[in-house]
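Asks: coords please:
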Amino acid sequence: MDWTALRGRWFKPRVTGAGTVPPPRVAVVTDSSCSLPAGWAGTERLAALVRVVSMPVMIGDQIYGEGTDRMIGALALALAQGQDVRTSRPSPGQFEKVYAELADAGYEAVVSVHLSAKLSGTVDSARLAARASAIPVQVIDTGSVAMGLGFAVQAAAAAAAEGADAGTVAAAARSCAAAAHILFYVPSLDQLRRGGRIGAAAGWFGTLLAVKPILAIRDGLVVPIERVRTAPKALARLEELCRAELSRRTGPVLVAVHHFGNEAEAERLASAVIRDRADAQVLLCPLPAVLAAHAGLGVLAVAISQGADPAGDPGDADEPAVEVSGRVLPDTGETGAPEPDIA
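Replies: Model (predicted):
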């Protein structure tokens with residue numbers, strides 16, 4: 001099978017009888033837990049209206065910014081060695097600076113789209129900053145993380161790129177976030193326990209070393225789904241649960257497969273999704289460091305959302321594809337099973 005890259009295909013501005021759409025009036029702000037891959041926008045027009053506020057990861061007494069190779073290597077080593085790893089929400093001042101820059105750039109409003117407020121104080125920081133903004137800012141708690149959030153950001157950006165008003169842009173983000181379903185596997189609950197993000201899985205502590213848990217994000221919280229005794233069985237079960245979720249959905253779907261330290265397993269899962277859903281648009285990318293710091297080394301996560309093109313463009317690719325952080329994944333035919341804060 002020949003694969004085609006998805007980059008930019010979902011978010012092409014429409015051309016009307018009067019020509020291209022008007023310049024965007026609304027900008028979109030998010031945080032680096034959204035996991036947007038490099039080059040996702042496809043066009044300078046779309047990329048210019050989205051700003052991502054970085055979320056720091058603290059390893060010992062060192063503070064790292066999201067996305068640098070140096071930080072990724074240091075985080076993987078720290079997790080493997082059981083070192084102290086913490087994260088922090090962005091400060092209100094970081095958001096104030098971004099909102100002011102967008103106002104100076106001529107935008108009339110901002111839609112600020114963020115990860116679950118039940119997992120992070122990021123939304124609170126954004127709301128505090130919004131009060132001081134020279135232009136209106138709508139802050140949205142998506143109740144999600146990773147590309148569950150990222151797909152909502154992309155939907156908001158697509159609407160903004162077409163010249164939509166702030167209400168329409170915010171509605172696009174909320175609708176996409178509400179459709180998101182996130183499942184993930186972690187080799188151990190220990191890192192989630194250390195970060196205080198284990199939620200309803202706290203009762204599993206007695207079997208911490210024996211459990212290979214499958215969890216989900218529901219109502220903005222990490223909740224347990226199943227306990228599995230071995231890693232191969234857990235990965236196979238995660239694939240089954242993804243297939244079940246995909247089977248419940250009609251129309252095209254968006255799928256992101258996240259990994260940290262186990263890319264080969266993620267590739268096998270992504271290939272399995274493609275074979276199950278001919279209309280699936282599948283993205284394979286690392287889990288953001290600010291989330292991997294809590295999930296731990298070896299995490300495998302899947303975000304599923306509705307795949308209706310926000311820009312109304314049916315697209316120009318006839319077959320499903322997997323984009324691997326800027327490269328195209330071939331069809332191998334394989335199957336497989338500051339203040340501490342999550343972000």
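Asks: what's the weakest-modelled helix or strand in the chain?
Replies: One helix or strand of the chain scores below all others by mean pLDDT, DSSP states H and E: strand 327-328, with a mean of 32.
Asks: ok, now how distant is residue 60 from residue 260?
Replies: 19 Å (CB to CB, to the nearest Å). C-beta: built from backbone N, CA, C; applies to glycine.
Asks: higher neighbour count, the two?
Replies: residue 260 (25 against 11; other CB atoms under 10 Å).
Asks: contacts only, for the closest residue to the more buried one other than its chain neighbours.
Replies: Spatial nearest neighbour of residue 260, chain neighbours left out: residue 292 (4.1 Å); criterion: CB to CB, 6 or more residues apart in numbering. Each residue near residue 292 by CB atoms under 8 Å, 6 or more residues apart in numbering is listed here: 75, 79, 260, 286, 299.
Asks: with these in mind, which one is nearest to residue 44?
Replies: residue 286 (24.5 Å; CB to CB).
Asks: so for stretch 126-133, mean pLDDT?
Replies: When pLDDT is averaged along stretch 126-133, the result is 97.
Asks: swap in stretch 106-118?
Replies: 96.
Asks: quick check, pLDDT for the nearest residue to residue 211 once chain neighbours are set aside.
Replies: Leaving aside its sequence neighbours, residue 211 sits nearest to residue 227 (CB to CB, 6+ apart; 4.8 Å). Listed pLDDT for residue 227 reads 82.
Asks: what secondary structure does residue 227 sit in?
Replies: strand (DSSP: H, G, I helix; E, B strand; the rest coil).
Asks: distance check, it against residue 213.
Replies: 6 Å.
Asks: tell me the confidence at the nearest residue to residue 164 once chain neighbours are set aside?
Replies: The spatial neighbour of residue 164 that comes closest, neighbours along the chain excluded (CB to CB, 6+ apart), is residue 26 at 6.7 Å. Model confidence at residue 26, expressed as pLDDT, equals 97.
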